[in-house]
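**Q** Pasted the sequence and its predicted model underneath.
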Amino acid sequence: MPKILINGKEIEFEKGMTVLQACELADVEIPRFCYHEKLSIAGNCRMCLVEMEKSPKPIASCAMPATEGMSIKTNTPFVEKARKGVMEFLLANHPLDCPVCDQGGECDLQDQSLYYGVDKSRFVENKRDVKEKYMGPLIKTQMTRCIHCTRCVRFATEVAGVPEIGAIGRGENMEITTYLEKSMESELSANVIDLCPVGALTSKPYAFEARPWELKKTESIDVMDAVGSNIRVDTYNWEVKRILPRLNNEINEEWISDKTRYSCDGLLKQRLDVPYIKKENKLKKSNWDEAIALLVEKIQSIRPDEIAGHIGDMINMESALGFKKLFNLFKSKNLEFREKNFYINSEEKINYIFNSSIAGIEESDLILLVGTNPRHEATILNARIRKTFVQKKVPIFSIGDPGDLTYDYKIIGNKTDVIKKIVDNEHEFSKKLLSAKKPIIIIGESALELKSGKYIFETLKNYLINNNLINENWNSLNILTQNASTVGLLDLKILQTETQDQFFSNLRNKKFKLLYLLGSDNLDFKKDNEFVVYQGSHGDRGAEVADIILPSATYTEQNGLYENLEGRLQECKKASYPIGESLEDWKIYNKIIKNLGLQEKTSNFDQLRKEVLNNIPNFSNLNDLPKIEIVKTNEIKADFISEEIVIREFDYYYTNSISRSSKTMSECRQIRQKTIKDGTNN
């Protein structure tokens, strides 16, 4: 490996590194504004100046490739003077509004001006003033503060794939703006707030809410989709004020979707804080004793096979296991978690997870999407596909039309006939698939919902096994689940394998007399004479049809384990307390068990967690991918049905009870609908 001398210390570095990266290997901190590890190099801010031997001028370390034998000094008076000069230029037009700036306390410019700022300026000209820009309901602008680092421009173009931000004008008249002053259309747009090193782009919903040192910070995970993005929940007096990304290069890198970041204002809206009972066709406030007594009375008066339960999209594994145990006491096996009747083979773990892993997408050399729109179903995963496309120009194909995915792809058909041709090696795509070393096939729920869902999955799986594309080193088979709870609930054997369609058939035919909804707001059914119990946090679709409402905690108000779409087990941590009289799910089960008068020992949370960990197949460690052994099981044959693969559209900003309660998500949704309407009219 080549070597470089930094402040007299010899350091080995990898070929292709810059001087700044080599300095970081030597534990030398270099100030910077424009440089960012995940973005291309711009070299605009010049704050990272260092001294290089035999160079009469300081060099920008972020843009200078490191070479063998270089001698770099980072702490000489020459370097300090150069950096102070740069800082003086940066502050020449910067307004003195730190006391009212939302970036205060976590501002790179503040931190670095402490070391390199001077107490007086040599500039006598008036500070320039820049007009505010409109960037939508999420991003608040104060462009007079902008230092033209262009991080936001590079992020929008390179990562988000929606080149809506850029620079207009030259020299002193240069301004960063959305060209047509319209709302940004990317689902990742608010990441520019984290990237901005000054207070030019700040969070509009969070404006003037709190200072960073006033907030309690809890490391947790996101449950708005199945990706399991790592987040930090910031609370003030137990109210969730904001959600920020945590760095995890294996999952979300350092980005989160706008829905993850801004749905948090829905945690306080439309909340259920006391039990309700329906009397005279109206929901009326009640108390726990009365509500539980009525529920137990109903359970005891109904046959076990007429009692059913449905588990919602954001339920943690401990709550789900407690619910399953409760239904065992009811002597009922009618449990379900799917909102739509899609095909799942739950015999083996590889059948329902994203086997190639999110980070593994970067290793792939061919990608096939089958009935999925990853941009809306798993925004962060889609960003990883785009990153791979940009860096390696990986060919991407799709069966079905997903619309704009922010990268180029080719539609090779929209019927199941295409899959039959591929597996029979009668399609030109077959050669490409078999010649690829690490191909990825991503099957979405829209494909599995079809009558031919079983055929699509089993045929593709058998084809990949027979051609050695599922092996110990690489697994090309990937299922893109949409809900945070899906993989965990499959591991807990909630799904009735033998009779997958039974629940939906009985629901349609009105065979259930009591339906217990656990945080379930997206189950599509028309209420008739069923007695509906809703245990959840929001007055949403489930609560609208309920006869009894039992208020429970949201994902930020209780500890819990979730498995993301890769089968990676992660912990969601309690950041605030349940509001009003609402309780954590397992405490509600204990109230029911006690009222049933059974000798069953009531469970506690620690006991439930131990049972969950014992029940997870292929479990390795918390935050690690599961250890999968490929078992060549008997091929499952399925009849071919020729039908069109239509990718189900869903309301991106309104996918769950929390986002539907969010004022910010509502504004984003209105803007998107207006954009679609205007586009249609044109």
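**A** Good, I have the coordinates.

**Q** Over to Lys420. Which of the three states is it?
**A** Secondary structure for Lys420, judged by DSSP: H, G, I helix; E, B strand; the rest coil, is helix.

**Q** Can you tell me, leaving aside adjacent residues, what's nearest to it?
**A** In space, Lys420 comes closest to Phe640 once its chain neighbours are excluded; the distance is 5.8 Å by C-beta to C-beta, 6 or more residues apart in numbering. Where C-beta positions appear, they are placed from N, C-alpha and C, glycine not excepted.

**Q** Now do the contacts for the one you found.
**A** Phe640 makes contacts with 416, 420, 452, 455, 459, as judged by C-beta atoms under 8 Å, 6 or more residues apart in numbering.

**Q** now do Glu336
**A** Taking C-beta under 8 Å, 6+ apart, one finds 308-311, 494-496, 503-504 in contact with Glu336.

**Q** how near is it to Phe525?
**A** 11 Å (C-beta to C-beta, to the nearest Å).

**Q** same question, Leu507
**A** 5 Å.

**Q** Mutual contacts of the two, please.
**A** What both Leu507 and Phe525 touch, as defined by C-beta under 8 Å, 6+ apart, is the set Leu515.

**Q** In this structure, where is pLDDT below threshold?
**A** Applying pLDDT under 70 to the chain flags the ranges 497-499, 599-602, 631-633, 679-682.

**Q** Next up, the contacts around the residue positioned nearest the centre of the chain.
**A** The geometric centre of the chain, computed from its C-alpha atoms, lies nearest to Ser229 (C-alpha atoms, centre = their mean), at 4.4 Å. Each residue near Ser229 by C-beta under 8 Å, 6+ apart is listed here: 221-222, 245, 248, 251-252, 256-257, 260, 380.

**Q** Go ahead and confirm Ala26 touches Asn7.
**A** Yes. With contact defined as C-beta atoms under 8 Å, Ala26 reaches Asn7; the gap is 7.2 Å.

**Q** ok, which pair from the contacts of Ser229 is furthest apart?
**A** Asn248 and Ser257 (14.4 Å; C-beta to C-beta).

**Q** Point me to the helix or strand that includes Thr218.
**A** strand 216-221 (DSSP states H and E).

**Q** Tell me which stretches of the stretch 251-400 of the chain form helices.
**A** 258-262, 288-301, 317-330, 374-377, 379-392 (DSSP state H, counting those that start in this stretch).

**Q** Show me what the shortest one is packed against.
**A** With contacts defined as 3 or more C-beta pairs under 8 Å, 6 or more residues apart in numbering; DSSP states H and E, helix 374-377 has these neighbours: helix 379-392, strand 439-444.

**Q** 7 Å instead, please
**A** Packing partners of helix 374-377 (3 or more C-beta pairs under 7 Å, 6 or more residues apart in numbering; DSSP states H and E): helix 379-392.

**Q** any residues touching the helix it packs on, and which ones?
**A** 158-159, 161, 187-188, 227, 229, 252, 255, 257, 358, 361-362, 364, 367, 374-375, 394, 396, 405-407 (C-beta atoms under 7 Å, 6 or more residues apart in numbering).

**Q** Which positions in that helix come out as buried?
**A** 379-389 (16 or more other C-beta atoms under 10 Å).

**Q** tell me the angle of the helix or strand that the strand holding Thr218 is followed by relative to strand 216-221?
**A** Sequence order places strand 230-236 as the next helix or strand after strand 216-221, per DSSP H and E. Calculated by axes from the mean of the first three to the mean of the last three C-alpha atoms, to 10 degrees, strand 230-236 forms an angle of 150 degrees with strand 216-221.
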